[in-house]
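*Asks:* return a 3D structure for these sequence lines:
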Amino acid sequence: MKKIILAAFLLTALPALAERLQIVTTYPYIASITEQIGQERVRVHALAGGQWDPHTILPKPSFIAKLRRADLLIINGAQLEIGWLPPLMNQANNPRIAVGSKALLDLSRFVQLMDVPTSVSRAHGDIHPDGNPHYYLDPVNIPLLAKAIMDKLIELDATGAGYYRKNHAAFIQAWNEQLTVWDKKMAKLKGITVIEYHKNLDYFLARYEIKLMDTVEMLPGIPPTSKHIAALEEKIAGCKVCYILQDIYNPDEASRHLATKFNIPMVKMPHDVGSVPGAEGIFALFEEIIRRITHD
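*Replies:* Numbering: from 1, shown residues only. You can find the predicted model right below:
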């Protein structure tokens, strides 16, 4: 009898599982937020790995298969995916997530972007025409992204509206509680000066009023030259720099050189969920970022 009951349960459960929204995200941080809002009504697949350079993703055949089955595609936007996603979407040929469709959600549309250039030229390096795309590293922007995701899930799956709203409310409450803790920890760093390798922490630095003196990169996406490093050394000599913030995916030789020469701590900073051990979800990502820069 127990076996019969179990078999009957599985038969009734399978259709429910099959009806879950198939959601593809370009990056793990988006997947983490989406999973907490969608929970049992969604299946979420992130294309990029958290430890990868988000600007340069090497496509895999499995990406095409996931995009082909997707009911919803959620992207970072601000042209962060421009170098790798469009060809995959063309090959997937899924009209549900085509450009202009309601099942393509561009999260960059819901935040205020920094560093929007007045002109675009290759002389400025690998510049993003829409502005700095790393907006999600400002913890205050995460609730904006979460609401956009909730609204889209409700639009595509109206029967789950109450479920999505409940999960979203719980997420926002937990996030705001944690944000209070993070703000308190970061307050002691207000006004310090740092250098970063690539401009991926600008939103985070601006949120906590940390001054950015310069970048180790000569220009976005352009490795530093000896001339640029020499100019940086002159700047550092006349300014108290507290940290050199190095991402995990770019070479760190130049940062280590500067750190050693001027006795400045070099801190490897995670940029996405899964980028380093201990950053296994969106909450843990910010916890790890703040732990590394505050040593708290």
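
*Asks:* contacts and neighbour counts: CA atoms only from here.
*Replies:* OK.

*Asks:* so which residues of the stretch 51-200 of the chain form strands?
*Replies:* Per DSSP state E, counting those that start in this stretch, the stretch 51-200 of the chain carries strands over the ranges 72-75, 104-106, 193-196.

*Asks:* as JSON lines, these with distance to residue 209 would be great.
*Replies:* Compiled in JSON lines, those are given as follows (distance: least, C-alpha to C-alpha, whole Å):
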{"stretch": "strand 72-75", "distance to residue 209": "28"}
{"stretch": "strand 104-106", "distance to residue 209": "28"}
{"stretch": "strand 193-196", "distance to residue 209": "10"}
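
*Asks:* let me have those strands in JSON lines, extended by mean pLDDT, mean neighbour count and distance to residue 186.
*Replies:* Listed next are the strands of the stretch 51-200 of the chain as JSON lines, based on pLDDT from 0 to 100; neighbours: other C-alpha atoms under 10 Å; distance: least, C-alpha to C-alpha, whole Å:
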{"stretch": "strand 72-75", "mean pLDDT": "98", "mean neighbour count": "22", "distance to residue 186": "29"}
{"stretch": "strand 104-106", "mean pLDDT": "98", "mean neighbour count": "19", "distance to residue 186": "30"}
{"stretch": "strand 193-196", "mean pLDDT": "98", "mean neighbour count": "22", "distance to residue 186": "14"}
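
*Asks:* quick one: which of those strands is nearest residue 240?
*Replies:* strand 193-196 (6.8 Å; C-alpha to C-alpha).

*Asks:* what's next to that closest one, contact-wise?
*Replies:* With contact meaning C-alpha atoms under 8 Å, 6 or more residues apart in numbering, strand 193-196 is reached by 210-216, 240-246.

*Asks:* between these, which sits nearest residue 85?
*Replies:* Distance to residue 85 across the contacts of strand 193-196 (C-alpha to C-alpha) is lowest for residue 246, with 25.9 Å.

*Asks:* which residues of the stretch 1-150 of the chain score low on pLDDT?
*Replies:* Low-confidence segments of the stretch 1-150 of the chain, defined by pLDDT under 70: 1-18, 119-128.

*Asks:* try it again with 90
*Replies:* Across the stretch 1-150 of the chain, the ranges flagged by pLDDT under 90 are 1-19, 115-130.

*Asks:* quick one: the helices in it?
*Replies:* 2-18, 28-38, 61-69, 85-92, 142-156 (DSSP state H, counting those that start in this stretch).

*Asks:* the ones you listed: which one's closest to residue 275?
*Replies:* The nearest among the helices of the stretch 1-150 of the chain, by C-alpha to C-alpha, is helix 28-38 at 9.2 Å.

*Asks:* by contact count, what packs against the closest one?
*Replies:* Contacts defined by 3 or more C-alpha pairs under 8 Å, 6 or more residues apart in numbering; DSSP states H and E place helix 28-38 against strand 42-46, helix 142-156, helix 161-186, helix 282-294.

*Asks:* so which of those is the most surrounded?
*Replies:* Across those, averaging neighbours per residue (mean count of other C-alpha atoms under 10 Å) puts strand 42-46 on top, at a mean of 21.

*Asks:* now do the contacts for residue 35.
*Replies:* Going by C-alpha under 8 Å, 6+ apart, residue 35 touches 42-44.

*Asks:* just those residues now: which is nearest residue 204?
*Replies:* Nearest to residue 204, judged by C-alpha to C-alpha, of the contacts of residue 35 is residue 44 at 26.5 Å.
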